[in-house]
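Q: what shape does this take:
(chains A and B)
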Amino acid sequence: MTDTAHRAHPTPRLYWLIAIFLAVVTAIEVAVPQIDALDPIKVPLLWILAALKFFTVVGFFMHLRYDKKLYRTLFFFGVFGVFPLFIVVLLSLHAL
Amino acid sequence: MSSQAAPVEAHGHHDVRPIRKAAMWVFLGSECMFFGSMIATFLLFRNETADGPGSELFNIPFTSASSFVLLMSSLTMVLAHNAFGNRDARGTRIWLAATALLGTVFLAGQIFEFTEFVHEGLTLSSSSFGSAFYMLTGFHGAHVAIGVMMLMAMFYLSLDGRLYDDRGLNVELVGLYWHFVDIVWIVIFTVVYLLQV
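A: Residues are numbered from 1 along each chain as shown, chains lettered A, B, ... in the order given. So this is what the prediction gives:
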């Protein structure tokens, strides 16, 4: 089996369900900073929710979950390349 | 697979669509780094307001509504792509127009927000926070504007049936670009707005 063997793409019904899911997660995101009890975990929680939305859009709407492995590799090289870049930016601005 | 020969179309030309799509993914990966460096810069300067206005100006309900609009534009874009795949020209046209409209609403919201902030004294040169904020959100807005122009071009091509003339950009590539501006906003909304309140 090669990486060109694709899974079937989602149906419009699934796209609508994903959009509802994304809307609900966004509503939770907006609510989190308003709830004082969540203050100690606010930062990691908001990052987790953002990552959840990010990977849902990339996987389903951009079809990366269903597409060639090559595309995944190319894209995530850029996504994870951000972290060393963060360090370079911080070093160049003398923040580390 | 990369080692396989490129598929050959009926008229004898190599099918360059997978190559263009791979090039688009490379471009989007490089754009991640571009926005990543700007987000890192914003995080560094988020408290450098030079005693001027800062994140207290943010209107979270308003920006949340804008975020919702952009998120829903990803839905309309994927529905346009789905209709395009089914050779449903009318459906493609409707969903492309809806996506362009939602993108325009988002841009209008951003222009309104920027105008409010400038009136409150937060400008590009008022502080490091202002510079980092406008550079990051402004560049994202420019990407949205380019996306809206590409969507309108696709809509125009669909009017006389040239949408399937697959020599340049197509709905799939424009869709990838559009979803990308959405995922970048997902991160910006969290880092710039929600984590600052």
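Q: number of nearby residues for the spatially closest residue to residue B:196 that is not a sequence neighbour?
A: What sits nearest to residue B:196 in space, not counting adjacent residues and going by Cβ to Cβ, 6 or more residues apart in numbering or on different chains, is residue B:55, at 3.7 Å. All C-beta atoms are positioned from the backbone trio N, CA, C, and that covers glycine. The tally of other residues near residue B:55 (other Cβ atoms under 10 Å in any protein chain shown) stands at 16.
Q: who touches residue B:187 in this structure?
A: Contact analysis of residue B:187 by Cβ atoms under 8 Å, 6 or more residues apart in numbering or on different chains lists A:50, A:54, B:35, B:39.
Q: okay, the residue nearest to residue B:196: pLDDT?
A: pLDDT, residue B:55: 87.
Q: show the contacting residues for the closest residue to chain B within chain A.
A: Closest approach of chain A to chain B (Cβ to the nearest Cβ) occurs at residue A:78, with a separation of 2.4 Å. By Cβ under 8 Å, 6+ apart, the contact list for residue A:78 reads B:26, B:28, B:29, B:30, B:31, B:32, B:33.
Q: what's around the closest residue to residue B:185 other than its chain neighbours, how many residues?
A: Spatial nearest neighbour of residue B:185, chain neighbours left out: residue B:70 (5.3 Å); criterion: Cβ to Cβ, 6+ apart. Residues within reach of residue B:70, counting by other Cβ under 10 Å, total 24.
Q: kindly state the pLDDT recorded for residue 21?
A: Here I'm looking at chain A. 97.
Q: right idea, wrong chain: chain B
A: 90.
Q: that one contacts residue B:173, doesn't it?
A: Yes. Using Cβ atoms under 8 Å, residue B:21 makes contact with residue B:173 at a distance of 6.8 Å.
Q: in chain B, what spans have low per-residue confidence?
A: Within chain B, the segments meeting pLDDT under 70 span B:1-14, B:165-169.
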